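*Asks:* Structure, please.
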Amino acid sequence: MSPPATPPGRAGAAARQVLLLAGHTWKEAVRRRLILVGFLLTLAFVALYGFGAYFSFRNWDGGDFGAPAGAESIRALGAFQMLSFGLFISSFLSAALVVFLAAGMISGDAENGTLQTVVTRPIARAHILLGRFLGYATVFLVYLVVTAGSLVALTWALAGYAPPSPVRALVILAGEGLIVLAFVSLGSAVLPPVATGTLALMAYGLAFIGGVVKQIGLFLQNHTAQTIGDAVHFILPTDAFFRMALDALAPRSLGVFGNIGLGPFGAGSPLRLSTLAYGLAYLLACFAASAFFFARKDL
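*Replies:* Presented below is the predicted three-dimensional model:
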């Protein structure tokens, strides 16, 4: 006996429902003024970064670094260090936006009664989760492109440094933020909003500390510290993605100063397919677990 045919238009109707929920997520973010506040604070941060880049490099003439090649190498290193610091702040602000927006995507909506009105309609809970996730993801991606893209453009225009692979860096940073969003969605399926936000921010900070410990281990040739850093990356791989993004922006050669990609947070990490694959698997696992707990959540 053949399986029953899928009703015509069912997939299209589900897709429309997901997109409607994503649009509702945008409207909710606008109504809560989070996008407006985030935009204003980001505008102030980008403006401050631009002033710093302008006054740092406007009178650059090479100083005491001798030959033009040496002066340009130091200029590139200084611009990259400024960009890497700005990129870290941008990455943190993007992650914080994700946390504050999405911490109540399940538990918060259940508490205020929003989910009760949605689940009574003929729509699967997995589609509700996907629609909310898609809405928050697009908000984050727009914010990231505007913020990080502005920093890269200002560094090129005011400091004269064009990073080797800015698009690759943005794509990797997008992956980092989506991992945070998936982690938040999992937390929101089992914890209240405040606990979810606290857990996500602490986990993000723990991942960064793990990256710093690994950098110290690499510098001191301490294998124990390196192992600890690697273990933390498995708990939450956000710092590993951040360092791959740094590598995409680092100067490929600094002439007489040798090949060095150091920034204020240590060296970047080369692009590794294994890290990308683990990040994708981590994201999908968090989303699947979110759907599992949401399907069994008593509303």
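*Asks:* Test my guess that residue 222 contacts residue 213.
*Replies:* No: look at residue 222 against residue 213 with Cβ atoms under 8 Å: they stay out of range, at 9.3 Å. In this view, the C-beta of every residue, glycine as well, is placed from N, C-alpha and C.
*Asks:* from the middle of its chain, how far away would stretch 243-251 be?
*Replies:* Relative to the mean C-alpha coordinate of its chain, stretch 243-251 is positioned 15 Å out (Cα atoms, centre = their mean, to the nearest Å).
*Asks:* Likewise for stretch 282-293?
*Replies:* Relative to the centre of its chain, stretch 282-293 is centred 18 Å away, using Cα atoms, centre = their mean.
*Asks:* Can you name the residues in contact with it?
*Replies:* Contacts to stretch 282-293, defined as Cβ atoms under 8 Å, 6 or more residues apart in numbering, come from residues 106, 125-126, 129, 133, 175, 178-179, 182-183, 185-186, 188-190, 236-237.
*Asks:* Could you pick out which of the residues you listed are located in helices?
*Replies:* Residues from the contacts of stretch 282-293 lying in helices, with DSSP state H as the criterion: 125-126, 129, 133, 175, 178-179, 182-183, 185-186, 188-190.
*Asks:* Among these, the buried ones, what's the ChimeraX command?
*Replies:* Only the buried members of the ones in helices among the contacts of stretch 282-293 enter the following ChimeraX selection, criterion being 16 or more other Cβ atoms under 10 Å:
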select :125,126,129,133,175,178,179,182,183,185,186,188,189
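*Asks:* Residue 251: which of the ones in helices among the contacts of stretch 282-293 is nearest?
*Replies:* Of all the ones in helices among the contacts of stretch 282-293, the one with the least separation from residue 251 (Cβ to Cβ) is residue 175, at 23.2 Å.
*Asks:* Looking at residue 222 and residue 213, which one has more neighbours?
*Replies:* residue 213 (20 against 14; other Cβ atoms under 10 Å).
*Asks:* check contacts around the spatially closest residue to that one that is not a sequence neighbour.
*Replies:* Once its chain neighbours are removed from consideration, residue 213 has its nearest residue in residue 229; the separation is 4.7 Å (Cβ to Cβ, 6 or more residues apart in numbering). Applying Cβ under 8 Å, 6+ apart, we find residue 229 in contact with 210-215, 217.
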